[in-house]
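Undergrad: here is the input, now give the coordinates:
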Amino acid sequence: MKQILFLLSFFLISIISISQISLLNVEPWAYQLQDLNVSQVANNSSFQLIVMDYSQDGTDQAKYSFQQIDSIKNSGKYAISYLSIGEAEDYRYYWNSSWATNPPVWLGSENPEWAGNYKVKYWYPAWQNIIFAYIDTIISQGFDGIYLDIIDGYYYWEVTNGTEPLAAQYMCQFVVNIRNHVNTVTGNSNFIVIPQNGEDVWDQSSVSNSLKNNFFDAINAVGVEDLFFYGNQNMNNPYNPDNYRMQMLQEYDSRGKQIYNIEYLSNQSLIQQYLNVVANYNIVPYYCVRNLNYLCGGIITENEIIDNNSTNIIFPNPTNGIFTIEGKDILKIEIYDVFGKQILELYPYEDRLSFDLQKQKKGIFFVNIYEKTKSLSKKLVLL
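TA: All right, here's what the predicted structure looks like:
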C-alpha cells in the first residue's frame with residue numbers, strides 16, 4: 001500500500017513550469033541506428049536532421065564523442081539521439097546481468113519480436129531515473145535532442161497485458177517528466193524531444209485535458225512508422241493508409257508539431273506512390289530499408305524551397321535524360337539519387353547549363369541549387 005501511495009504521489013507533484021518550446025521546422029531527414037559513419041552523415045547534404053543512436057554499437061564504450069557529434073552539427077544538421085523509454089535493452093550500459101534471474105519489480109517480460117528487449121513499468125521512479133541518467137549522457141555528447149521510442153508501450157500494459165488502466169496517463173506524464181528534466185539540466189527549452197509512434201496516447205480516457213496540453217507542450221515533433229504502407233511484410237507492403245492514426249496526427253499538426261514519417265520501401269512504384277500521396281499532407285517523408293544499419297538520403301520534395309524568390313527553371317522535366325537549368329547567379333548544382341547518393345556536382349559559369357543523366361537508371365532525382373543569396377531543391381523525373 002505504501003508503494004502504491006508513493007507512486008501516486010510521484011505523479012501528483014507539481015510540474016516544473018515549461019516555457020514555450022521552439023517549434024521544429026526541419027526537413028528533409030534521415031534515420032540510422034547502427035554502424036553509423038559520422039563522416040558519411042556530415043558529408044551528406046540530402047538531409048537536415050539525423051536520428052541516430054548515441055553509440056556506434058549501442059554500448060557505452062562505443063558512444064560517440066562530443067567532437068563527432070559536433071562535426072555533424074557543424075555540417076548544418078540536427079543530431080537527434082534514439083532512446084527507448086518503454087523497453088529495457090540488455091546491451092545498454094544500465095543492464096544488470098542479475099536481472100535475468102532476479103529482475104527488479106519494474107522489469108517485465110521479453111519482447112518476443114525483439115530479443116533482448118524487455119517491457120518496463122515505465123512509471124516506476126527507478127526506471128525513470130535510469131532514463132534521466134541516460135539523457136544526461138546524451139546531453140553531454142552534444143546532441144540536439146532525443147527521439148523517444150516505445151511510446152506505444154502504454155498499450156501493452158493497458159490492453160494486451162491489461163494490468164494497468166492508467167498506463168496512457170503514466171506515459172504522457174513520463175514524457176512531461178523528461179521535458180522537465182532536460183530543461184533543468186540544460187537550463188533552457190531548446191533541447192528537442194520527439195516521441196515515436198503511440199501517437200494516440202493523449203487520447204485515452206485516463207489522460208486529463210491539462211495533462212494532454214502538458215504532453216503537447218513537452219514535445220517538438222512526432223515520428224511515425226508504417227503510416228501509409230502497413231502490413232505483414234517486412235518491407236514493400238501495399239498502400240494501406242491507417243485512417244485512425246491519420247486522425248490522431250491531425251492534433252499534432254493543429255498544434256504546430258512537425259510530423260516525421262518513415263515508410264519501409266524499396267520498390268520503385270511504391271516509392272513513387274508514397275511521394276505522390278504524402279505530398280498531400282503536412283508530413284515530412286522518409287523511406288528506406290528496414291535494416292537499422294543502412295542510411296538512405298533525405299527525401300527532398302519539389303516545393304521545399306528555402307527562398308522561393310528564384311527564377312530558376314529546369315526543363316524539360318520529365319525527360320529522357322538531358323536536363324537544362326536556367327537561372328541567374330547560380331554558384332553550384334548537386335544532383336542526388338533517391339537514396340541520397342550524390343552523382344553530380346556542377347559549377348556553372350553561365351545562366352544556362354545542360355547535364356546528362358542518360359546513363360542513370362530511370363526514376364526520380366533531386367537537384368540542390370545554390371545561388372549567391374538563396375538555395376532551393378527541385379525534383380527531376382527520368383523516364
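
Undergrad: where's I343, which helix or strand?
TA: Element membership for I343 (DSSP states H and E) is strand 342-346.

Undergrad: please enumerate the strands of the stretch 151-300 of the chain.
TA: Under the criterion DSSP state E, counting those that start in this stretch, strands of the stretch 151-300 of the chain are mapped to 192-195, 221-225, 258-264, 284-288.

Undergrad: ok, the stretch 1-150 of the chain next?
TA: 29-31, 49-52, 78-84, 87-89, 107-110, 117-120, 145-149.

Undergrad: kindly reformat these as a markdown table containing mean pLDDT and distance to L275.
TA: In short, each C-beta sits where N, CA and C put it, glycine included. Shown next, in a markdown table, are the strands of the stretch 1-150 of the chain (pLDDT from 0 to 100; distance: least, CB to CB, whole Å):
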| stretch | mean pLDDT | distance to L275 |
| --- | --- | --- |
| strand 29-31 | 94 | 15 |
| strand 49-52 | 97 | 19 |
| strand 78-84 | 98 | 23 |
| strand 87-89 | 97 | 32 |
| strand 107-110 | 96 | 38 |
| strand 117-120 | 97 | 32 |
| strand 145-149 | 98 | 23 |
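
Undergrad: what about the residue lying closest to N214 once chain neighbours are set aside, neighbour count?
TA: Excluding the flanking residues, the one nearest N214 by CB to CB, 6 or more residues apart in numbering is V176, at 4.9 Å. Counted with other CB atoms under 10 Å, residues neighbouring V176 total 23.

Undergrad: my read is that V176 contacts L211, right?
TA: Yes - contact status for V176 versus L211: in contact at 7.4 Å, counting by CB atoms under 8 Å.

Undergrad: which neighbours do these two have in common?
TA: Counting by CB atoms under 8 Å, 6 or more residues apart in numbering, V176 and L211 have no common neighbour.

Undergrad: helices along the stretch 51-200 of the chain, start to end?
TA: Along the stretch 51-200 of the chain, counting by DSSP state H, counting those that start in this stretch, helices occupy 66-74, 125-141, 153-155, 167-186.

Undergrad: let me know which of these is the nearest to Q268.
TA: Closest approach to Q268 among the helices of the stretch 51-200 of the chain (CB to CB): helix 66-74, 29.8 Å.

Undergrad: the closest one - what's its average pLDDT?
TA: For helix 66-74, mean pLDDT rounds to 97.

Undergrad: roughly how far is that helix from the heart of the chain?
TA: Relative to the centre of its chain, helix 66-74 is centred 18 Å away, using CA atoms, centre = their mean, to the nearest Å.

Undergrad: which residues are in contact with it?
TA: For helix 66-74, contacts defined as CB under 8 Å, 6+ apart pick out V38, S39, V41, A42, I50, A79, S140, Q141, G142, F143, D144.

Undergrad: try 10 Å
TA: With contacts defined as CB atoms under 10 Å, 6 or more residues apart in numbering, helix 66-74 is touched by 36, 38-39, 41-43, 50, 52, 54, 56, 63-65, 77-79, 81, 138, 140-144.

Undergrad: what sits against the closest residue to D253 other than its chain neighbours?
TA: Distances taken as CB to CB, 6+ apart place N282 nearest to D253, at 5.4 Å, with adjacent residues excluded. Residues in contact with N282, defined by CB under 10 Å, 6+ apart, are L249, Q250, Y252, D253, Q258, I259.

Undergrad: same question, Y94
TA: Neighbouring residues of Y94 by CB under 10 Å, 6+ apart: D60, A88, W127, N129, I130, I131, A133, Y134.

Undergrad: hang on, the earlier thing: between the helices of the stretch 51-200 of the chain, which one is nearest to F365?
TA: When these are compared by CB to CB, helix 66-74 sits nearest F365, at 24.9 Å.

Undergrad: now for the strand holding I343, which elements pack on it?
TA: Applying 3 or more CB pairs under 10 Å, 6 or more residues apart in numbering; DSSP states H and E, we find strand 342-346 packed against strand 330-337, strand 352-356, strand 363-371.

Undergrad: how about that strand as PDB, C-alpha atoms only?
TA: C-alpha atoms of strand 342-346 as PDB (Å, rounded to 0.1, in the frame of the first residue of the first chain):
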ATOM      1  CA  GLN A 342      25.500  12.400 -54.900                       C
ATOM      2  CA  ILE A 343      26.000  11.600 -58.600                       C
ATOM      3  CA  LEU A 344      27.000  15.000 -60.000                       C
ATOM      4  CA  GLU A 345      28.400  18.300 -58.700                       C
ATOM      5  CA  LEU A 346      28.500  21.100 -61.200                       C
END
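
Undergrad: gap between that strand and the chain center?
TA: Distance of strand 342-346 from the chain centroid (CA atoms, centre = their mean) equals 27 Å.

Undergrad: quick check: mean pLDDT of it?
TA: Regarding strand 342-346, the rounded mean pLDDT is 82.

Undergrad: where does this protein dip in pLDDT?
TA: 1-23, 300-315, 317-318, 327-328, 338-340, 349-351, 372-376 (pLDDT under 70).
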